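Below are the sequence and a predicted model; questions follow.
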Amino acid sequence: MTVERRKGGVELDGALVGPGEIALVEDGSRMVAILASGVAVCLWAPQEKIAAMAHFMEPRTTDKHSCFARFGNVAVPEVVRLVRAEVPQGKLEAQLFGGAQEYPGDRRGPDNVAMAEKVLAAREIEISSRDVGGTKGRKVLFDGKSGQVAILKVHKLREEDWI
């Protein structure tokens, strides 16, 4: 007996947005993030078809000399600023992913999620979709043309996942 497998027609590839990075696309490109306790904030302006992703690893920094996108209190305001520079008044959709607990008692994931929620709420940006928490890592594919996201949950992230 032969089994035919249906293909969804969507390749799971795109530009990797690594930890501490922010990307903005205006050409419909795809963005990919590999997450454990880190969080990806995906913003999409549906009318203009502008998409952006921030991938951060730690909730906050108070050191003004280490204001890098590795920290949520830096990355999330910056990704919003970048999109708002292109879309000053238009509607923005936010999606939030990651924030897994890597080991019992680990607070980084939940704290990262809370930081993203806090910053987005302060800027009155509603989170339309989320897949956060738990103990599994995630591979996230964000389509800049449609604003759609595909999530693959994994038991264990491997070093080659970031290549």
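Okay, I see it.

which residues does Arg138 bridge with?
Legend: beta-bridge partners of Arg138 under DSSP bridges are Leu35, Lys153.

Verify the stated contact: it with Gly109.
No. With contact defined as C-beta atoms under 8 Å, Arg138 does not reach Gly109; the gap is 10.9 Å. C-beta here means a position set from N, CA and C on the backbone, and glycine is covered the same way.

Now do the shared contacts for the two.
Here Arg138 and Gly109 have 36, 98, 100 as joint contacts, going by C-beta atoms under 8 Å, 6 or more residues apart in numbering.

which residues sit in contact with the second one?
The neighbours of Gly98, taking C-beta under 8 Å, 6+ apart as the test, are 33, 35-40, 109, 112-113, 132, 138, 140.

Which pLDDT value goes with it?
Gly98 is assigned 97 on the pLDDT scale.

circling back to that earlier point, among the contacts of Gly98, which are in helices?
Members of these lying in helices (criterion: DSSP state H): 109, 112-113.

so which of those is the most crowded?
Asn112 (30 neighbours; other C-beta atoms under 10 Å).

so what's the closest residue in space to that residue that isn't next to it in sequence bridging to?
Counting by C-beta to C-beta, 6 or more residues apart in numbering, Val39 is the residue found nearest to Asn112 once chain neighbours are left out, at 4.3 Å. Note on Val39: beta-bridge partners by DSSP bridges are Phe56, Gly98.
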